[in-house]
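Participant: using only what follows, build the 3D model:
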Amino acid sequence: MLKFLLIFVLTTLLVYCLWLLPNLNVGAQSALTSKIRSVSYSPFRRGQSPEAGVFPSKTEMESDIALLSKSVKNIRIYSGSNALGDIPELAEKQGLTVWLGAWLDSNHETNLTEIEALVNLANRYPQTITRVIVGNENLHRMDLTPAQLRDYLIQVKESIVQPVSYADGWEYWLDHSEIADAVDIITVHILPYWEQTPKAVEELGSHVGDILSKVSKRYPDKPLAIGEIGWPTFGRSRKEAIPGIPEQAQLIAEVHSLAQKMHLDYNIIEAFDQPWKGITEGSAGAYWGLFTAEREAKHELGAKSERYPNWQKWFALSAIGAMIFAFATVFTSKMPLSTWKLLGISVISYVLLSLIVLSGLYLSYAQAPWIKWTIILMQLYFTYLLLVEVSRPTQADKKNTSIGETIANIRPQRRTLNNKPTTISLIYYCFTYIGLIVLWGMVLQSRYRDFPIVLFLVPAFGIWLSAIFSANSVSDIGTSVIRILNMRQEKPSSPIKQRIGMFREETFTVVALCLGAILVINGEGIDNLEAVWFSLTFIVLASPYLGMLLSRK
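Facilitator: Numbers count the residues shown, from 1 in each chain. As a prediction, the model looks like this:
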């Protein structure tokens, strides 16, 4: 036990360093040093959405705007109808100005309602509402023709005194001079993360500068403003565009500096995370906020941005879980365990419990509570079975072990005759076929899908860790994986063609996983490291099936 305590303490120190490493010196060059010029404000909280018709109360919006007034000067809202019509009044009380929008679509009647609300609010709060934005990305969505949009713009210009604009991607402005002629300000959207060729956050300064230069040359007499620019803090990587809190802080600092040099207005999207957007835009679309949906700040003025602000809590949770699993395994062992096995129990407990904690965090972001607990319970039980496997006696141990002790150690495995699947096999098969669905979903339509790597690391790498610490020798590791999963081994001396015919399901699984992994890398590019790791994880997941087909022992 003293030996195990020493091993466990050393493992704890190592794992602590691994948790600490991603947060060292993060955000040193991207700390926010001044108030942000403007942010998009959607007041919807978790469980609320415009699509469901569930709007926040006036008290909730008042609390939001009071919070925002500490770090921003202006807010952009996309509609003045329904409960959102209270926002200009609340902003005026907090000393904030407003860019007021009218949300337009293909329905002419609702468009007229939106415009009426916009005109009424603009005339009622002329000092607070400093400009209006009639329509948002309608040319991009193709729900209005340029002629229809121009008519709406002219109608609003005749009714208010504030400058009038329309907002869309910068490419659309280059092609529609008739819209530029109808506005006072050209409001462009620049979203490098979502572009056809995504840009890394380090390239933003030159990229944004080039875009503004193109639009400015096209319309030299029109003032420019950035209506939307931002960066997600969670979601999938797109090429070199990697979501994250430090990256978001760096973008804001870059944009603020560029805007000062060019005397340019800008608006960051957005104030608060909007979980309801995840349905149509994936996880990345839901997490562009400077604050979480629970109104917790991701950044503080003058402070460095941490990649994982609560990583100490996550480490503590994984450490407690690892301690419970590891000590329970050692205490319930019916035989003395070698140093190698004690090390294995400690390493497997820490690695897999850390991955399970990260799985829970990922699934919390992905808003899947029922699936979350099902997968976590499967991972926990799988970890327990692997630890039992490691604590079983190897051939070398059996010489000094009684028959009763051997039976006591293998009892939790519940091994059966005739190669019927054991519990550990069934859990591995479940993760394999869930993985097939996830992998091919990414192949067929990847834009709004995540790379949920962490969900499959427990079975993929856990089985190999268990084999390493339970094998008799290095050459026996592959065979140990097949033995632990209780895979079929009929006629091991038969030719490979015959075995492929015998094991059709396993052959299909290997081909589907490996082919899908190759197609993901081909589609995403080798420069997307997250996609590469995602694909490698599924190749590792397929390796026991491939080993079973190739094994001749």
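Participant: so where's the stretch 451-553 of the chain uncertain?
Facilitator: Where the stretch 451-553 of the chain drops to pLDDT under 70, the residues are 488-494, 552-553.
Participant: now the strands for it?
Facilitator: With DSSP state E, counting those that start in this stretch, there are no strands along the stretch 451-553 of the chain.
Participant: elements contacting the helix or strand where Ser213 lies?
Facilitator: Counting by DSSP states H and E, the element that carries Ser213 is helix 204-218. Other elements packing on helix 204-218 under the criterion 3 or more Cβ pairs under 8 Å, 6 or more residues apart in numbering; DSSP states H and E are helix 170-175, strand 185-189, strand 224-229, helix 245-262. All C-beta atoms are positioned from the backbone trio N, CA, C, and that covers glycine.
Participant: may I see the buried residues of it?
Facilitator: Neighbour-count burial for helix 204-218 flags Leu204, Gly205, His207, Val208, Ile211, Leu212, Val215, Ser216 (criterion: 16 or more other Cβ atoms under 10 Å).
Participant: any idea which of those residues is the one closest to Gly101?
Facilitator: Here the nearest of the buried residues of helix 204-218 to Gly101, counting by Cβ to Cβ, is Val215; it sits at 20.1 Å.
Participant: for that closest one, what are its contacts?
Facilitator: Trp170, Trp173, Leu174, Ile186, Val188, Leu224 (Cβ atoms under 8 Å, 6 or more residues apart in numbering).
Participant: keeping just the C-alphas, turn stretch 445-455 into PDB.
Facilitator: Backbone C-alpha positions of stretch 445-455 (Å, rounded to 0.1, in the frame of the first residue of the first chain) are rendered in PDB as follows:
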ATOM      1  CA  GLN A 445     -22.100  17.200 -43.800                       C
ATOM      2  CA  SER A 446     -19.400  18.700 -41.700                       C
ATOM      3  CA  ARG A 447     -20.000  22.400 -41.500                       C
ATOM      4  CA  TYR A 448     -22.200  22.500 -38.300                       C
ATOM      5  CA  ARG A 449     -20.900  19.300 -36.700                       C
ATOM      6  CA  ASP A 450     -18.400  19.000 -33.900                       C
ATOM      7  CA  PHE A 451     -15.400  16.700 -33.500                       C
ATOM      8  CA  PRO A 452     -16.500  14.900 -30.300                       C
ATOM      9  CA  ILE A 453     -13.100  13.300 -29.900                       C
ATOM     10  CA  VAL A 454     -13.200  13.100 -26.100                       C
ATOM     11  CA  LEU A 455     -16.300  10.800 -26.100                       C
END
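Participant: off-centre distance for it?
Facilitator: From the chain centre to the centre of stretch 445-455 is a distance of 8 Å (Cα atoms, centre = their mean, to the nearest Å).
Participant: so what touches it?
Facilitator: Contacts of stretch 445-455 (Cβ under 8 Å, 6+ apart): 235-237, 280-285, 355, 358-359, 362-363, 366, 375, 431, 434, 438, 441-442, 520, 523-524, 530-531, 533-534, 537.
Participant: likewise stretch 51-59?
Facilitator: Residues contacting stretch 51-59 (Cβ under 8 Å, 6+ apart): Pro43, Phe44, Arg45, Gly47, Gln48, Asp64, Asn82, Ala83, Leu84, Asp86, Leu90, Trp276.
Participant: helix/strand/coil for the fourth one?
Facilitator: So that's Gly47. What DSSP: H, G, I helix; E, B strand; the rest coil gives for Gly47 is coil.
Participant: do the same with the first one
Facilitator: Assigned by three-state DSSP, the conformation of Pro43 is coil.
Participant: OK, contacts around it?
Facilitator: Phe55, Pro56, Glu60, Met61, Asp64, Ala83, Leu84, Ile87, Phe272.
Participant: which pLDDT does the model give Ser402?
Facilitator: Per-residue pLDDT puts Ser402 at 39.
Participant: tell me how far the nearest residue to Tyr172 once chain neighbours are set aside lies from Thr233.
Facilitator: Counting by Cβ to Cβ, 6 or more residues apart in numbering, Tyr172 lies nearest to Leu139, which is 4.6 Å off, once chain neighbours are set aside. The gap separating Leu139 from Thr233 is 29 Å, by Cβ to Cβ, to the nearest Å.
Participant: with neighbour numbers in mind, choose between those two.
Facilitator: Remark: of Leu139 and Thr233, Thr233 carries more neighbours, 24 against 20, as counted by other Cβ atoms under 10 Å.
Participant: if I look at the more buried one, how far off is Ala293?
Facilitator: Taking Cβ to Cβ, one finds Thr233 at 12 Å from Ala293.
Participant: what residues sit buried inside stretch 7-18?
Facilitator: So for stretch 7-18, counting by 16+ other Cβ under 10 Å, buried means Ile7, Phe8, Thr11, Thr12, Val15.
Participant: hey, C-alpha coordinates of it in CSV?
Facilitator: C-alpha atoms of stretch 7-18 as CSV (Å, rounded to 0.1, in the frame of the first residue of the first chain):
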residue,chain,number,x,y,z
ILE,A,7,3.0,5.9,-7.3
PHE,A,8,-0.4,7.6,-7.0
VAL,A,9,1.1,10.8,-5.6
LEU,A,10,3.7,11.0,-8.4
THR,A,11,0.9,10.3,-11.0
THR,A,12,-1.2,13.1,-9.4
LEU,A,13,1.7,15.6,-9.8
LEU,A,14,2.2,14.6,-13.4
VAL,A,15,-1.5,14.8,-14.3
TYR,A,16,-1.7,18.2,-12.6
CYS,A,17,1.1,19.5,-14.8
LEU,A,18,-0.8,18.2,-17.9
